[in-house]
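Novice: Would you be able to build a 3D model of this:
(2 chains)
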Amino acid sequence: MVIALSVIGSVMFMNAAFGATLRSIQDKVDINVNFVPDASEQEIFDLKTSLEALPEVAHVGYVSREEVLADFREKHKDQVNLQALEEVGGNPFGARLNIRAEDPSQYQGVADFLGNRNTSISGDQIIDEVNFLENKEVIDRLSKIINSTETFGFGLALLLIIISILITFNTIRLAIYVSREEIGVMRLVGASASYIRGPFVFTGITYGLVASLITLIIFYIGTFWLGDLTERVFGSINIFEYYISNFGQISLVVVGSGIIMGAVSSYLAVMKYLKS
Amino acid sequence: MIHFDNVSKKYDEDSMVLDSITFSVEPNEFLSIVGHSGAGKTTLLKMLLAQDKPTSGSVFMKSKDVNSLRKHELNELRRSIGTVFQDFKLLPDKTVFENIAFAMEAAGKTDEEIESDVPYVLELVGLDQKAWRFPEQLSGGEKQRVAIARAIINQPDILIADEPTGNLDPLHTQDIVHILQRINDLGTTVLLTTHNKGVIDSLEKRVITLENGKIIRDDPEGKYVL
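Specialist: Predicted coordinates:
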């Protein structure tokens, strides 16, 4: 049962690690809206407010014309582009909005919204370019990868959990098989099904409790050992810190699963001997 | 009290284990059932405990068909019948006292009742000095006496003894027969199956003889005749 519970716990850790990695990739994906230099700040802030009101938008960042220019200067230090900029004179850049959606699949909706809001009240075009269209293919592919990883992870978790329950069920059934004579004698003296089943279900629950405590200790040692490695591989998550900070939730799932698996397996395993 | 009404049992087409069995047992009767191995003696007892169902016919206990009982009624029925087997069926990791107490616990008796009744029944079967021994520390005859004590601890109406002396030497056999007679004298109906001619002849009680699943003889004060 320790193995079964370890599988359930490991699935939680895997989900956390993949989830953190996917979130950090998602955070790097956004839409940049470059405005024409003539667009007024008022119009840009109006658009920002409308965007923030959309449920699919997580965050909108405003970068002023001056900051865009300063960025450009910083990026293109020592390059010919800077000379060209000096020759043009003034600030040829418009302001910029960086938009982050709640989910990568929602960027198309945000892009469509921007397409409809491309003109000012006076009828002039205010948006110079939306670079989502350039990133569209990358975003689509990322959305697909994230979705299929989640589906695969869930399927794998379910499969491993079913296998674990079957292994536990068989182990407890074997333990009850040893006691079949005792069950037979109990039936003979007229013991009720619940009287016979009670001690076995209690034993199953005790197995589950002990197994879950052992599992939690193994996780403590295992995650302590793997913590630095996971931080290097997944970047944004240290599995030991995750275990410590989510100990309440993880121990609840592991102990709860142990108790349920022990009780259900014993209940079902003893049923066979209660039929006659 | 007990009535077998035209009971037949077939496990497959060719083997008729019981064939149209009809007989009754009165309260406080001592009935021995004899017959060769495979004559159907044990099947007959299993029918009474509703461990096996007849292919046709009915088994009645106190006017109730045992095969139409609900689960809790079946548990009650089994509590009103004590059973003793050739292989004792004692729990090896429990002491003599615990083996008997366990039957009382299963019947929902309190700790006080267990503390007062178990020593009494151990005295009745002559094992009051060996209450804390384990079954492996007892002789065959002693094991069977523990099994009898367990069977009668809940004061059953009927005691079923299926070949109780099959594994015992003549001395222990007589011991067990005396205990069964004493239990019968105290008011419990006893159903005994045996191969032992000496036991049957010494009892001078009612004997039913089975052959090939049929009753061939039912004598009120019978002898072992096969």
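Novice: buried set for the least confident helix or strand in chain B by mean pLDDT?
Specialist: Lowest by mean pLDDT, DSSP states H and E among the helices and strands of chain B is helix B:71-79, with a mean of 84. For helix B:71-79, a neighbour-count test (16 or more other C-beta atoms under 10 Å in any protein chain shown) marks B:74-75, B:77-79 as buried. Placement of C-beta: from N, CA and C, glycine included.
Novice: which among the residues you listed gets closest to residue B:144?
Specialist: residue B:78 (20.2 Å; C-beta to C-beta).
Novice: If you drop the residues flanking it in sequence, what lies closest to the closest one?
Specialist: residue A:190 (3.5 Å; C-beta to C-beta, 6 or more residues apart in numbering or on different chains).
Novice: you'd agree the one you found is up against residue B:77?
Specialist: Yes. In this structure, residue A:190 is within contact of residue B:77 by C-beta atoms under 8 Å, at 7.5 Å.
Novice: intersection of neighbour lists for the two?
Specialist: Taking C-beta atoms under 8 Å, 6 or more residues apart in numbering or on different chains as the contact rule, residue A:190 and residue B:77 have no neighbour in common.
Novice: hmm, back to that, name the helices or strands packed onto the least confident helix or strand of chain B?
Specialist: Contact partners of helix B:71-79 among helices and strands, from 3 or more C-beta pairs under 8 Å, 6 or more residues apart in numbering or on different chains; DSSP states H and E: none.
Novice: how distant is that helix from the center of its chain?
Specialist: The chain centre lies 16 Å from the centre of helix B:71-79; the measure is C-alpha atoms, centre = their mean, to the nearest Å.
Novice: Could you tell me which residues within the helix or strand in which residue A:259 is found count as buried?
Specialist: Assigned by DSSP states H and E, residue A:259 belongs to helix A:247-271. Neighbour counts over helix A:247-271 (16+ other C-beta under 10 Å) mark A:250-251, A:253-255, A:257-259, A:261-266, A:269-270 as buried.
Novice: Most widely separated two among those residues?
Specialist: Most distant of those, by C-beta to C-beta, are A:250 and A:270, 30.4 Å apart.
Novice: sec struct for residue 19, please.
Specialist: Picked chain A for this. helix (DSSP: H, G, I helix; E, B strand; the rest coil).
Novice: other chain: chain B
Specialist: strand.
Novice: any idea how far residue B:9 is from the residue lying closest to it once chain neighbours are set aside?
Specialist: Excluding its sequence neighbours, the residue lying closest to residue B:19 (C-beta to C-beta, 6+ apart) is residue B:213, at 4.2 Å. Distance check for residue B:213 against residue B:9: by C-beta to C-beta, to the nearest Å, it reads 8 Å.
Novice: now swap in residue B:218 and tell me
Specialist: When residue B:218 is compared with residue B:9 (using C-beta to C-beta), they lie 19 Å apart.
Novice: The two - which one has more neighbours?
Specialist: Ranked by neighbour count (other C-beta atoms under 10 Å in any protein chain shown), residue B:218 and residue B:9 place residue B:9 first, with 22 against 13.
Novice: Just the pLDDT at that one, thanks.
Specialist: As predicted, residue B:9 sits at a pLDDT of 92.
Novice: do residue B:191 as well
Specialist: pLDDT, read off for residue B:191, is 95.
Novice: Mind listing the strands the strand or helix carrying it pairs with, and their directions?
Specialist: Per DSSP H and E: residue B:191 is located in strand B:189-194. Taking DSSP bridges as the criterion, strand B:189-194 forms sheet pairs with strand B:30-34 (parallel), strand B:158-162 (parallel).
Novice: Let's have the ones you listed in CSV, adding mean pLDDT.
Specialist: Output for the strands paired with strand B:189-194, formatted as CSV (pLDDT from 0 to 100):
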stretch, mean pLDDT
strand B:30-34, 94
strand B:158-162, 93
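Novice: so can I have TSV of these showing distance to residue A:75 and mean neighbour count?
Specialist: Supplementary listing: the strands paired with strand B:189-194 in TSV, determined by distance: least, C-beta to C-beta, whole Å; neighbours: other C-beta atoms under 10 Å in any protein chain shown:
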stretch	distance to residue A:75	mean neighbour count
strand B:30-34	105	23
strand B:158-162	97	23
